[in-house]
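S.K.: Okay, structure incoming, though there's no sequence with it:
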């Protein structure tokens with residue numbers, strides 16, 4: 001199995017949970033937005049914390065799994081895990097004929113490739129936007145116009161700190177805050193001649209608010225998240241709403257120094273002069289389009305608009321705790337299976353006689369051997385849904401180290417697939433794998449790495465469904481088995497058939 005696909009198989013249950021968490025968190029944040037139209041600070045905090053929670057979801061899931069949270073919903077049947085699973089099929093040699101178990105259709109590998117391609121495109125776009133921003137900033141010059149010093153002094157008074165660098169550029173059409181490590185305010189050079197003193201102050205206060213609030217860094221984070229979750233439509237909706245809330249919030253800073261009608265006229269005048277907006281830049285702009293100003297100006301002129309610029313710490317903490325608590329609860333779906341399935345202390349009261357075993361020695365076994373001494377389980381026969389422990393001895397000669405494991409060979413995800421083979425005399429036989437047991441999580445003690453020599457083993461497995469359990473040697477570095485002992489019966493014709501029956505059929 002390709003190592004990348006194999007890694008995806010192992011993490012697919014957590015991926016499903018992370019996507020479910022992202023969907024629910026974003027949906028909750030989006031649905032409450034219409035009720036917060038007059039509260040820009042609350043809208044902004046809610047959306048920003050939702051996007052941060054989505055980004056932290058993988059970490060939260062990892063913490064939840066290692067913290068031992070109980071599993072609310074078992075995830076070993078994850079659809080993605082089923083789609084991308086390909087059994088580590090051991091080769092079976094019987095009566096001189098070697099057969100292999102079928103591989104499932106690698107739809108998961110295709111999905112993984114498509115996601116990686118989309119993420120790569122998003123990262124390339126982000127990198128190109130960052131490079132373009134760097135070039136624009138390097139080419140920009142310090143602003144030198146009447147009233148700029150007075151406006152910068154007023155800005156320092158409003159924010160109680162020195163103003164950031166303010167530069168003029170021929171490459172931008174609209175005022176913006178640009179730069180991640182050392183952000184600056186970029187003003188269009190042609191616009192400088194059209195702005196009077198109060199209008200220049202309004203523009204500078206708005207853009208400096210972006211700089212002091214670190215909105216340029218947040219914009220980069222939004223684009224990274226969009227690149228990773230490029231296929232998720234709610235990401236784009238949440239980002240658009242956050243952009244809108246961010247502009248409304250920075251408008252509140254301007255309303256400290258200007259009346260709403262005056263500032264509205266300034267915005268409309270700038271919007272009417274726009275020719276084109278720079279696309280793909282990780283930078284918040286004063287005006288995104290003339291059309292987007294309609295709701296913005298209407299909200300600014302509304303008498304019940306809240307001009308608060310930041311939430312109380314207690315309110316922000318409550319929102320953050322709500323999101324993180326919800327994600328932790330959802331993350332329990334990716335927790336380990338219930339202790340009754342995996343505990344080493346699970347009672348195994350029944351001795352099981354699996355039937356005559358078929359020991360398969362491949363051509364390269366070179367004296368290796370596996371001997372089963374006993375099988376105990378939660379039932380007195382091999383049947384689905386029960387847990388079993390196999391004890392025995394092994395002898396490893398051909399390799400310095402090997403993986404000794406119990407595996408249950410099953411069929412295709414699209415249903416049983418018949419394997420046709422012939423024996424030494426040319427007679428045709430059929431083997432029908434019944435269950436893709438590999439789609440379920442293995443038990444912790446289902447395999448162990450052993451060194452050259454002889455030893456004793458005690459391995460456990462759960463029979464998730466009908467299939468062919470076997471104890472096998474695998475190369476420690478990965479690959480097909482080179483020795484297997486199957487729990488199989490011999491048919492009167494000499495062929496093999498599955499001795500494990502599904503009690504539901």
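M.R.: Received it, and whenever you're ready, just let me know what you need. No experiment lies behind these values; they were computed from the predicted model shown. Residues are numbered from 1 along each chain as shown.
S.K.: Just read off the phi/psi values of the nearest residue to residue 47 once chain neighbours are set aside.
M.R.: When the adjacent residues along the chain are set aside, residue 47 lies closest to residue 242, with 4.2 Å between them (C-beta to C-beta, 6 or more residues apart in numbering). (C-beta placed from N, C-alpha, C; glycine too.) Recorded main-chain torsions at residue 242 are phi -70, psi -40, according to degrees, to the nearest 10.
S.K.: What distance do you get for residue 242 to residue 44?
M.R.: Taking C-beta to C-beta, to the nearest Å as the criterion, residue 242 is separated from residue 44 by 7 Å.
S.K.: So for the two, which sits in the more crowded spot?
M.R.: For residue 242 versus residue 44, the count of surrounding residues by other C-beta atoms under 10 Å is larger for residue 44: 27 against 23.
S.K.: secondary structure element for the more buried one?
M.R.: With the criterion set as DSSP states H and E, the secondary-structure element containing residue 44 is helix 40-66.
S.K.: what helices or strands is that helix leaning on?
M.R.: For helix 40-66, the helices and strands in contact under the criterion 3 or more C-beta pairs under 8 Å, 6 or more residues apart in numbering; DSSP states H and E are helix 3-31, helix 215-228, helix 233-254, helix 313-331.
S.K.: Now those in TSV, please, with extra columns for distance to residue 398 and mean pLDDT.
M.R.: TSV is the format used below for the helices and strands packed on helix 40-66 (distance: least, C-beta to C-beta, whole Å; pLDDT from 0 to 100):
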stretch	distance to residue 398	mean pLDDT
helix 3-31	24	74
helix 215-228	44	94
helix 233-254	52	94
helix 313-331	43	84
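S.K.: closest one to residue 163 among the ones you listed?
M.R.: For the helices and strands packed on helix 40-66, distance to residue 163 was read as C-beta to C-beta. The smallest value, 12.8 Å, belongs to helix 233-254.
S.K.: The closest one vs helix 215-228, what angle?
M.R.: Here helix 233-254 runs at an angle of 170 degrees relative to helix 215-228 (axes from the mean of the first three to the mean of the last three C-alpha atoms, to 10 degrees).
S.K.: any idea which helix or strand comes after helix 233-254?
M.R.: Following helix 233-254 in sequence order, the next helix or strand is helix 260-272 (DSSP H and E).
S.K.: what does the next helix or strand after that next one rub up against?
M.R.: On the C-terminal side of helix 260-272, the closest following helix or strand by DSSP H and E is helix 293-301. The list of residues contacting helix 293-301 from outside it, by C-beta atoms under 8 Å, 6 or more residues apart in numbering, reads 37-38, 40, 244, 247-248, 251, 255, 260-261, 263-264, 267-268, 271, 287, 305.
S.K.: what about helix 293-301, average pLDDT?
M.R.: In this model, helix 293-301 has a mean pLDDT of 82.
S.K.: and what of stretch 44-52?
M.R.: pLDDT averaged over stretch 44-52 gives 94.
S.K.: Switch the helices and strands packed on helix 40-66 over to JSON lines; also include distance to residue 159.
M.R.: Output for the helices and strands packed on helix 40-66, formatted as JSON lines (distance: least, C-beta to C-beta, whole Å):
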{"stretch": "helix 3-31", "distance to residue 159": "28"}
{"stretch": "helix 215-228", "distance to residue 159": "14"}
{"stretch": "helix 233-254", "distance to residue 159": "8"}
{"stretch": "helix 313-331", "distance to residue 159": "19"}
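S.K.: Can you tell me which of the ones you listed is nearest to residue 170?
M.R.: Taking C-beta to C-beta as the criterion, helix 215-228 is the member of these that comes nearest to residue 170, at 20.9 Å.
S.K.: which other residues reach that closest one?
M.R.: Counting by C-beta under 8 Å, 6+ apart, helix 215-228 makes contact with 48, 51, 54-55, 118-119, 121-123, 125-126, 129-130, 177-180, 183, 209-210, 235-236, 239, 242, 246, 250, 282-284, all of which sit outside it.
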